[in-house]
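> show me the folded form of this:
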Amino acid sequence: MKKQYAVFGLGGFGESVAIELQKLGCEVVAIDANMERVEAIANQVSYAMKADIEDADFIRSLGTRNLDGVVVAASDNMEASIMATLVCKEIGVPYVMAKAKNELHATVLKKIGADSIIFPEKEMGTRVARNLMSANFTDWIALSPDYSLVETEVPEKWVGRTLLELDVRKTYDVIVVGIKMGDKVEVNPDPREQLKKGNVLILIGSNQALEAIQ
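Coordinates of the predicted model:
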């Protein structure tokens, strides 16, 4: 059975989340008070409708409690964001992710039960800065303040050697979760296979350990 999500607010972030969830095989209900935004996404999601997410009766009538989750992406209107989050949690939505405008907004969202709070602009800024400062990493995603997932080309000194021989986990205190070879991704790679120049390693570890292997 397909997972079902609703996205409240179709600005740049909300629109992107709705479209990506649909591409991943989910059933998506996209909602915004702006008809132009609704029309722009209508052909890319399961359902798109114009509505006011401050209207608690509307949220209840939508059958929101039966969804797998709701993304409250309308952070510019803090009152609407807070109201929508509160109603969703009150009626039993199992997972509510809310976009916060600032720290005060985030604090309120936490208090009323949001399961996950995000600052897309802040998180993207951190990601870009990490990538710029880590020249050998093609991508860097923070998993927590101290741990990250990175993609990096096989270091020159590792080319021709195997993960078994390198004993990466013990020697470098990082975990190799996958290897990219062109368009192909090998998850849980064979530790006896030789690493080739141009392959991209997907690593998880502490920021300190990851920086040490550059």
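> my read is Lys2 is in a helix, agree?
No - under the criterion used here (DSSP: H, G, I helix; E, B strand; the rest coil), Lys2 is coil, not part of a helix.
> give me the pLDDT for the closest residue to it other than its chain neighbours.
Spatially, and ignoring its direct neighbours in sequence, Lys2 is nearest to Glu27 (4.8 Å; C-beta to C-beta, 6 or more residues apart in numbering). All C-beta atoms are positioned from the backbone trio N, CA, C, and that covers glycine. Per-residue pLDDT puts Glu27 at 93.
> and if you look at the one 10 residues further on?
Model confidence at Arg37, expressed as pLDDT, equals 96.
> could you list every residue that touches it?
By C-beta atoms under 8 Å, 6 or more residues apart in numbering, the contact list for Arg37 reads Leu10, Gly11, Glu15.
> repeat that for Arg169.
Contacts for Arg169 (C-beta under 8 Å, 6+ apart) come out as Ile175, Val176.
> and what of Leu62?
Ala6, Val29 are the contacts of Leu62 under C-beta under 8 Å, 6+ apart.
> I'd say Leu166 and Val159 touch.
No - using C-beta atoms under 8 Å as the test, Leu166 is too far from Val159 to be in contact (11.0 Å).
> out of the two, which sits in the more crowded spot?
A direct count of neighbours by other C-beta atoms under 10 Å for Leu166 and Val159 places Leu166 higher, at 17 against 14.
> neighbours of Val45, how many?
Neighbourhood size, Val45 [other C-beta under 10 Å]: 22.
> distance of it from Val200?
Distance of Val45 to Val200, computed by C-beta to C-beta, to the nearest Å: 32 Å.
> Tyr47 now?
According to C-beta to C-beta, Tyr47 stands 38 Å off from Val200.
> the two: which is more packed in?
Each of Tyr47 and Val200 has its neighbours counted (other C-beta under 10 Å); Val200 has more, 19 against 12.
> got the contact list for the nearest residue to the more buried one once chain neighbours are set aside?
Once flanking residues are discounted, Val200 sits nearest to Lys180: 3.9 Å by C-beta to C-beta, 6+ apart. Shown in contact with Lys180 (C-beta under 8 Å, 6+ apart): Glu151, Glu186, Asn199, Val200, Leu201, Ile202.
> quick one, phi psi at Ala51?
phi -160, psi 160 (degrees, to the nearest 10).
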